[in-house]
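[1] 3D model of this:
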Amino acid sequence: MRTGLKASKTALCVAFYFGVLILLPTQLLAQFQDPVFRKIENAEREIFEKQFENTLWTGQGLYNPQTIDKIPTIELRARLQAAFGNPTVSIRDLITGPNFRPGKAIQFEYWFVVDGKIPLMILDLDGPFENGLVYVGPSEFVDQMPQIKRTLNRLLIQDVKEFSEFEDYFFSPEREQWYLASYKDGAFTREPIERPSFAPRR
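    Numbering: from 1, shown residues only. Below is the predicted model:
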């Protein structure tokens, strides 16, 4: 980035030397601005899916190590709650009675549109039992993914001063066990429970 800034300054100096003002392209200016995240609400899921139905999803560019990769997922969930509110999708959205498929098990998913055009999905790897998150974005914007992740790291680590309480259900196929994962009264819990009885959100 320092090299890019130096080159830009040199170009501006040359422009002013010859008495000509050259405006930098919007794309170049955008490289030095933090991406803007808009979380997709649960009610917007169908619109999001239709808008990005032809997207080629990839994790490329999103796995350069950041602080958030070393933090327990259960803590990241509390940070996400503080930064963005409730998840776009929780396990209650996937349960369809007795035909629930363990392969669909997640604790949470946050969907975003970044800078008004780039879709991004963030989800847990193994509920409250792992560190970090899983990321997927569009292959056509893979060059912008590292900056997007760096900004997300700042939003969750530097900008979040206090965790927010949450309560999620999670089914672990490996353990064949339901859990209630939560952050409440300053404590994280991963409590084994019987299968919860609730209907998917509508």
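
[2] what's the average pLDDT for the helix or strand hosting Glu75?
    Using DSSP states H and E, Glu75 maps to helix 73-84. In this model, helix 73-84 has a mean pLDDT of 98.

[3] Identify the residues contacting that helix?
    If you take Cβ atoms under 8 Å, 6 or more residues apart in numbering as the criterion, helix 73-84 is touched by 37, 39, 68, 71, 87, 107-108, 110, 122, 124-133, 155-157, 159-160, 162-166, 168, 181, 183, 188, 190. To be clear about C-beta, it is placed using only N, CA and C from the backbone, and glycine gets the same treatment.

[4] Give the burial count for the residue nearest to Gln144 when sequence neighbours are not counted, as a bare number.
    Distances taken as Cβ to Cβ, 6 or more residues apart in numbering place Ile118 nearest to Gln144, at 6.7 Å, with adjacent residues excluded. Neighbour count for Ile118, taken as other Cβ atoms under 10 Å: 19.

[5] And for Lys117?
    10.

[6] What backbone torsions are found at it?
    phi -150, psi -20 (degrees, to the nearest 10).

[7] repeat for Lys39
    phi -70, psi 140.

[8] Is it correct that it is in contact with Glu109?
    No. Contact criterion Cβ atoms under 8 Å: Lys39 and Glu109 do not qualify, at 10.9 Å.

[9] Quickly list what's touching both of these two.
    Thr88.

[10] The residue nearest to Gln144: what's it in contact with?
    Pro35, Gly137, Pro138, Phe141, Gln144, Ile148.

[11] The fifth one contacts Gln33, correct?
    Looking back up the chat, that one is Gln144. No. Applying Cβ under 8 Å, one finds Gln144 not in contact with Gln33, separated by 11.4 Å.

[12] So if I had to pick from the two, which one is more boxed in?
    Gln144 (18 against 10).

[13] How about the residue most central in space within the chain, nearest residue that isn't a chain neighbour?
    With distances taken as Cα atoms, centre = their mean, Ile122 lies nearest the centre of the chain, 3.7 Å away. Residue nearest to Ile122 in three dimensions, not counting chain neighbours: Tyr110, with 4.6 Å by Cβ to Cβ, 6+ apart.

[14] Just confirm the one you found is within a strand.
    Yes. Assessed by DSSP: H, G, I helix; E, B strand; the rest coil, Tyr110 belongs to a strand.

[15] Starting from Lys39, give me the distance back to it.
    As judged by Cβ to Cβ, to the nearest Å, Tyr110 and Lys39 stand 6 Å apart.

[16] Now the common contact residues for the two.
    Phe84, Thr88.

[17] Would you mind telling me which of the two has more residues around it?
    Legend: neighbour count by other Cβ under 10 Å for Tyr110 and Lys39, higher for Tyr110 (24 against 18).

[18] Help me confirm that that one comes into contact with Glu41.
    No. The criterion here is Cβ under 8 Å, and Tyr110 misses it with Glu41 at 10.7 Å.

[19] So, low pLDDT: which residues of this protein?
    For the chain, the stretches with pLDDT under 70 are 1-32, 96-104, 198-202.
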